[in-house]
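*Asks:* Next input, structure requested:
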Amino acid sequence: SFFDLDNEYIIGQRDKIEYIGCKTSGESCMNYLPEINNCFRESERFYRARDFNRAIDALEKAYKKAGELNDPHCLKCSLFFKVTVVQSLESMHIKLGKMPKGLFSSERYQTCYIKADELLKKMRAPKEVKPAFTVVKKSSALQPAYTL
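*Replies:* Predicted coordinates for the structure are as follows:
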């Protein structure tokens, strides 16, 4: 039944992201994947308990953990993990946006909605890549091309 499957996911028998295989070694991915799945599980538990701040924090922790995966062979895996976190956060953001609306609305979840919105903007923001080299300017005066 649906409840049993969902219950298995929450108590730790099923993972949000399952490892199927890797064309490269996959060892780096396997070091980070259990922690990322634990963060997803934790976020889901907090979400069901309506502790949205902690659910958002758990997703942020999963995103940061996926960002730590720096092995050049695992960049696709890292990107996949990040996209999965962003999709989960987007889903939560949409649900939080619908909560305060209605006949008996209260602004109770507005702070969580704003927190999720700011985190999504931060995650979606393009990263500035700085060059590995630096240019050192010795003087502002023109230098001769030759000397006598």
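
*Asks:* helices and strands around the lengthiest helix in the chain, which ones?
*Replies:* Criterion DSSP state H: the longest helix present in the chain is helix 75-98. Here helix 75-98 touches helix 27-48, helix 52-67, helix 110-124, going by 3 or more C-beta pairs under 8 Å, 6 or more residues apart in numbering; DSSP states H and E. Glycine gets a C-beta too; all of them are placed from N, C-alpha and C.

*Asks:* Serialize the ones you listed to CSV and add fields for distance to His73 and mean neighbour count.
*Replies:* Compiled in CSV, the helices and strands packed on helix 75-98 are given as follows (distance: least, C-beta to C-beta, whole Å; neighbours: other C-beta atoms under 10 Å):
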stretch, distance to His73, mean neighbour count
helix 27-48, 7, 18
helix 52-67, 15, 20
helix 110-124, 23, 15
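
*Asks:* who wins for proximity to Lys76 among those helices?
*Replies:* helix 27-48 (9.4 Å; C-beta to C-beta).

*Asks:* Counting by contacts, list what the closest one packs against.
*Replies:* helix 2-11, helix 52-67, helix 75-98.

*Asks:* hey, least reliable of those helices by pLDDT?
*Replies:* Looking at the helices and strands packed on helix 27-48, the lowest mean pLDDT belongs to helix 2-11 (a mean of 43).

*Asks:* about what we covered before: now the angle between helix 110-124 and the longest helix of the chain, please.
*Replies:* 150 degrees (axes from the mean of the first three to the mean of the last three C-alpha atoms, to 10 degrees).
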